[in-house]
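Peer 1: here is a sequence together with a model predicted from it:
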Amino acid sequence: MSTAVAERSWCVVVPHHARGARLARHRLAAELGNVVASSLLADVIAVLAELVGNAIRHAEPLPGGVVRVAWRLRVDDTGGEAVTVRVTDGGAPNRSPALRPVGADAVDGRGLRIVVALAEQWGIERDGLGQSVWAALSGERALAQPSEATRQRAIQPVQRSLD
């Protein structure tokens with residue numbers, strides 16, 4: 001039985017500005033639009049938009065006033081698709097990406113909740129230059145409601161320091 005996996009990766013640099021999020025979404029859609037299922041593509045675009053938007057709103061840029069956006073597509077020999085997106089910025093002093101309480105009337109603050117709802121796993125990695133927030137999505141997500149234990153695990157990011 002073969003366990004071959006095809007893998008493709010992309011990395012782009014976009015401005016640390018609102019148009020950077022639009023550029024990242026369009027580039028990802030162009031690269032993956034004819035490659036992955038449309039339902040997975042829609043989820044990946046939504047997650048990427050949230051991560052880039054959060055980087056622009058809440059974090060410092062990387063040197064040169066940019067944010068680095070990367071994604072990796074894996075397709076196994078059964079046709080199972082998985083996409084991991086990663087957004088790297090300069091980090092925010094004294095603050096880390098985290099879920100926060102949001103009232104029903106709040107106009108923002110739901111970005112990471114969207115990521116948690118769509119991704120199978122997400123996390124934060126830090127190094128000497130800043131931080132990366134990543135999320136992994138799969139075309140084979142279970143349609144059933146997850147258990148409470150699964151929901152609680154999904155809410156907690158995987159954090160790593162690369163110092």
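Peer 2: Looks like it came in fine. Residues are numbered from 1 along each chain as shown.
Peer 1: run a quick neighbour tally on the closest residue to residue 64 other than its chain neighbours.
Peer 2: What sits nearest to residue 64 in space, not counting adjacent residues and going by Cβ to Cβ, 6 or more residues apart in numbering, is residue 13, at 7.8 Å. From N, CA and C alone the C-beta is placed, and that goes for glycine too. If you count neighbours by other Cβ atoms under 10 Å, residue 13 ends up with 17.
Peer 1: for residue 61, see how far away residue 13 is.
Peer 2: Relative to residue 61, residue 13 is positioned 10 Å away (Cβ to Cβ, to the nearest Å).
Peer 1: which residues are common contacts for the two?
Peer 2: Common neighbours of residue 13 and residue 61, counting by Cβ atoms under 8 Å, 6 or more residues apart in numbering, are residue 67.
Peer 1: mind showing which ranges of this structure have poor pLDDT?
Peer 2: 1-5, 98-99, 102-103, 106-109, 140-163 (pLDDT under 70).
Peer 1: mind redoing it with 80?
Peer 2: Along the chain, segments meeting pLDDT under 80 span 1-6, 76-79, 93-111, 128-129, 140-163.
Peer 1: and the strands in it?
Peer 2: Secondary structure of the chain (DSSP state E): strands located at 5-15, 66-76, 81-89, 121-126, 131-138, 158-161.
Peer 1: which one's the longest helix in this structure?
Peer 2: Criterion DSSP state H: the longest helix present in the chain is helix 38-58.
Peer 1: between that helix and strand 5-15, how big is the angle?
Peer 2: Angle, helix 38-58 to strand 5-15, by axes from the mean of the first three to the mean of the last three Cα atoms, to 10 degrees: 30 degrees.
Peer 1: what sits up against helix 38-58?
Peer 2: The contact list for helix 38-58, computed with Cβ under 8 Å, 6+ apart, reads 14, 16-18, 20-21, 24-25, 28-29, 32-33, 36, 67, 69, 71, 81, 83, 85, 87, 89, 92, 95, 97, 111-112, 114-115, 118-119, 133, 135, 137-139.
Peer 1: tell me which residues of that helix are tucked away?
Peer 2: Within helix 38-58, the residues scored as buried using 16 or more other Cβ atoms under 10 Å are 40-41, 43-56.
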